[in-house]
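*Asks:* Need coordinates for the following:
(chains A, B, C and D)
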There are 2 protein chains.
Amino acid sequence: MNIKDIANKCNLSVATISRVINNDPKVADSTRKKVLSVIDKYKFVPNITGRSLRTQKSNKILVLLPTMSNQFYSEIIQGIEETAEEKGYAILVAVTNLQEHQEIKYLHMLRMKHVDGCISLFNTIEADAITSLAKNYPFVQCCEPTMNADVSSVEINNRQAVYDVVKQFIDKGHKTIGMISGDYYKTSELGRETGYQDALRDYGIKFDKNLVVKNFYRYEDGAIGAKKLMAYKPRPTAIVCASDSLALGATSYLKSQGIKVGVDVCVMGFDNTSITTYTSPTLSSINQPRYDLGKESFKLLYEKLQDINSVNKKIILPFQIIHRESTGCDN
Amino acid sequence: MNIKDIANKCNLSVATISRVINNDPKVADSTRKKVLSVIDKYKFVPNITGRSLRTQKSNKILVLLPTMSNQFYSEIIQGIEETAEEKGYAILVAVTNLQEHQEIKYLHMLRMKHVDGCISLFNTIEADAITSLAKNYPFVQCCEPTMNADVSSVEINNRQAVYDVVKQFIDKGHKTIGMISGDYYKTSELGRETGYQDALRDYGIKFDKNLVVKNFYRYEDGAIGAKKLMAYKPRPTAIVCASDSLALGATSYLKSQGIKVGVDVCVMGFDNTSITTYTSPTLSSINQPRYDLGKESFKLLYEKLQDINSVNKKIILPFQIIHRESTGCDN
DNA sequence: AATATAAATGTAAACGTTTAAATAGGAGGA
DNA sequence: TCCTCCTATTTAAACGTTTACATTTATATT
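*Replies:* Numbering: from 1, shown residues only, chains lettered A, B, ... in the order given. Model prediction:
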């Protein structure tokens, strides 16, 4: 069953059928009605490959994901998916597992026109490559815009988030505040670490690099970080972490040492993944508006899909600091 | 740059170029060499849409996922992806969020030929619909084959897994063993619950339905289940759970009641997700060979892609029972 | 050398759409 | 009646491949 079959059943040419399908106003109401009824009767659906070949569009967009094992991305993708569907785009999720060759392989889908655009949740390739990619193809970065790249992006103000948390800690009387960060996601990391330093400086606490531990983002790195921080004199009474998994590892270490989390030492996570409410104590965290990060990313991409020369925008969405037991609750 | 351009550069017809691209042996070695060098020089890549239109194949397969927020699926998808890529197939991940209309929408991609086949990690639609789908399109179920449906599938022996765990508990002297299960994934659930009952029966312990709690698969349902089980007289000394999240919820409740997990009460999870090693105590669990579940699923699908009438196979892969602190370790 | 056979290459149709350009059919005006 | 303008519709080309079939060229056989 193709457009020609429908045309025959209607005693019309394929062109008219195509016009009906594509809501072209240049078709008589009576004709349109007849065609639609036949299409409905035979449950005809236009072949997307034929259409793609002719229009040179795939109506698919690629979502590039660093890993599937981070719960954080789930809701972002949902935001992208639902917004994309409204505009008739399907999404195709690809996972790079943080490997550059995988990233390059999947980005090739843009050049090969397998997809019309791409939203990337993380890139390893360098800024110039991103800039040139974004100049030639609809491309948007979500959460982790590459530094110094000219590209549309959506993120939160990572610096401000940690700044605000540290300020709150200082306001509550904490004098020694540690930070456990990672060493991979360059942009957000730098923002978060800068926020930490800026808040200390603005509120008259001298920065000591020994109070910042950087490893990877695994649970065990959080424990390692906490151990190192607890050896610092005077012992920190608050720790801000660059991810929930780090915070979780940190609390587990603290608990193992008989240190009461939320009482002796306050711990703040990042991303507000669902695990935060499953742990004991429940984990305070900084919430990113995940659904909206996805949604706005697609909206930016859509502008590029309409006009590749439209100006690059940087969108900053609001975050929320959510207090739970690990910071002594209810602030 | 298309196949015609290459043909012109080579002073050959498009047919010959196409033959070279598709490794058709009917082309002279010298010609092949020349064509390949030109293809390489201009970095020509055949247009996949044109090819798809002509061959009536998309070389894409759909992976249908119930949710993105379950870490369990990540490695399965990797197994599918890597195996699929070897055969020249790309994968397209779609998430149903456990909604039937989403499932139907995505399965439609099969009928519309947007994808050549589908591996589904979970289906809500009824057995007859699955059977008929599988008869007409390459379709494989992974982990959760629909009961009474005639379809290729890959899974572990869920019944045996729980049977073995319960037997181990009994061998260790446990007399009262509870189970916390869910009420959604019909097939694996039934298997696991049957394994529980069968082991009790085979080793002379009377089954009491009050020792099986069924809710959903959320963390909090695990806590609710544990609470109910702890009210049972005599108090159970072991609990087997149908998922790690349930087990986690259960241990959190037990801990909150001052009950020592792994000493007073042993807890066994299911799926061996990475969270098992992050908790305190670390969580014993039943490991499913996730990568291989994905890999074998694709291999089954590939058989169907070659010949839709090939016989339906049911593959059972081995599981492992992994003891950690929550069952008193090191067995 | 003439012919038969095999190998290499070319020709053209086909896949299912969309869309510019051509055409038909009316309505209205003179 | 004829002409002009619309509007609705058709025609046919185009998108980039693959592939059955036709043709050419090379090789082997007599």
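*Asks:* okay, now residue A:231: neighbour count?
*Replies:* Neighbourhood size, residue A:231 [other Cβ atoms under 10 Å in any protein chain shown]: 9. C-betas here are computed from N, CA, C, even on glycine.
*Asks:* measure it to residue A:10 for me?
*Replies:* According to Cβ to Cβ, to the nearest Å, residue A:231 and residue A:10 sit 81 Å apart.
*Asks:* again, but for residue A:152
*Replies:* Separation of residue A:152 from residue A:10 (Cβ to Cβ): 44 Å.
*Asks:* before we move on, what about residue A:185?
*Replies:* Residue A:185 is 56 Å from residue A:10, by Cβ to Cβ.
*Asks:* do the same with residue A:178
*Replies:* Residue A:178 is 73 Å from residue A:10, by Cβ to Cβ.
*Asks:* Can you give me the buried ones in the helix or strand hosting residue A:80?
*Replies:* Using DSSP states H and E, the element containing residue A:80 is helix A:72-86. Buried residues in helix A:72-86, counted by 16 or more other Cβ atoms under 10 Å in any protein chain shown: A:72, A:73, A:74, A:75, A:76, A:77, A:78, A:79, A:80, A:81, A:83, A:84.
*Asks:* quick check, whichever helix or strand residue A:37 is part of touching DNA strand D?
*Replies:* Taking DSSP H and E as the criterion, residue A:37 maps to helix A:29-41. Yes: under the criterion of Cβ under 7 Å from any atom of the strand, DNA strand D is reached by helix A:29-41 at A:30, A:31.
*Asks:* Which residues of chain A lie near DNA strand C?
*Replies:* Residues of chain A lying close to DNA strand C (Cβ under 7 Å from any atom of the strand) are A:2-4, A:14-15, A:17-19, A:21-22, A:44-47, A:49-51, A:53-55.
*Asks:* rerun at 6 Å
*Replies:* Residues of chain A that fall close to DNA strand C, judged by Cβ under 6 Å from any atom of the strand: A:2-4, A:14-15, A:18-19, A:21-22, A:46-47, A:50-51, A:53-55.
*Asks:* Next, count neighbours for the residue in the stretch 51-200 of chain A that DNA strand D sits nearest to.
*Replies:* Taking Cβ to the nearest atom of the strand, DNA strand D has its nearest neighbour within the stretch 51-200 of chain A at residue A:54, 3.5 Å off. Close neighbours of residue A:54, defined as other Cβ under 10 Å, add up to 11.
*Asks:* Confirm it sits in a helix?
*Replies:* Yes: judged by DSSP: H, G, I helix; E, B strand; the rest coil, residue A:54 forms part of a helix.
*Asks:* Look up the pLDDT of it for me, please.
*Replies:* Residue A:54 carries a pLDDT score of 95 in this model.
*Asks:* Might you enumerate the residues of chain A proximal to DNA strand D?
*Replies:* With the criterion set to Cβ under 6 Å from any atom of the strand, chain A comes near DNA strand D through A:12, A:13, A:14, A:15, A:16, A:26, A:27, A:28, A:31, A:53, A:54.
*Asks:* The fourth one: neighbour count?
*Replies:* By that I understand residue A:15. Number of residues near residue A:15 (other Cβ under 10 Å) recorded here: 12.
*Asks:* near chain B at all, the one helix or strand it maps to?
*Replies:* If you go by DSSP H and E, residue A:15 is part of helix A:14-21. No: using Cβ under 8 Å from any Cβ of the partner chain, helix A:14-21 never reaches chain B; the gap is at least 13.9 Å.
*Asks:* Could I get the buried residue list for that helix?
*Replies:* So helix A:14-21, judged by 16+ other Cβ under 10 Å, has buried residues A:16, A:17, A:18, A:19, A:20, A:21.
*Asks:* what's residue A:224 in contact with, if anything?
*Replies:* A:213, A:215, A:249, A:253 (Cβ atoms under 8 Å, 6 or more residues apart in numbering or on different chains).
*Asks:* ok, 10 Å please
*Replies:* Residues in contact with residue A:224, defined by Cβ atoms under 10 Å, 6 or more residues apart in numbering or on different chains, are A:180, A:213, A:215, A:216, A:218, A:246, A:249, A:250, A:253.
*Asks:* Grab the nearest non-local neighbour of the fourth one.
*Replies:* Translated: residue A:216. Nearest non-adjacent residue to residue A:216, counting by Cβ to Cβ, 6 or more residues apart in numbering or on different chains: residue A:182, 5.8 Å away.
*Asks:* And stretch A:177-194, how far out from the chain middle?
*Replies:* 17 Å (Cα atoms, centre = their mean, to the nearest Å).
*Asks:* Repeat that for stretch A:252-266.
*Replies:* Put simply, stretch A:252-266 sits 31 Å off its chain's centre (Cα atoms, centre = their mean).
*Asks:* Now that stretch: buried residues?
*Replies:* Buried residues in stretch A:252-266 (16+ other Cβ under 10 Å): A:252, A:253, A:254, A:255, A:261, A:262, A:265, A:266.
*Asks:* Narrow the residues you listed to those in helices?
*Replies:* Among the buried residues of stretch A:252-266, the residues falling in helices (DSSP state H) are A:252, A:253, A:254, A:255.
*Asks:* Strands of chain A, start to end?
*Replies:* For chain A, applying DSSP state E gives strands covering A:60-65, A:90-95, A:117-120, A:139-142, A:152-156, A:177-182, A:212-215, A:238-241, A:266-268, A:285-287, A:314-317, A:320-322.
*Asks:* Highest mean neighbour count across those, which stretch is it?
*Replies:* Mean neighbour count (mean count of other Cβ atoms under 10 Å in any protein chain shown) peaks for strand A:238-241 among the strands of chain A, with a mean of 30.
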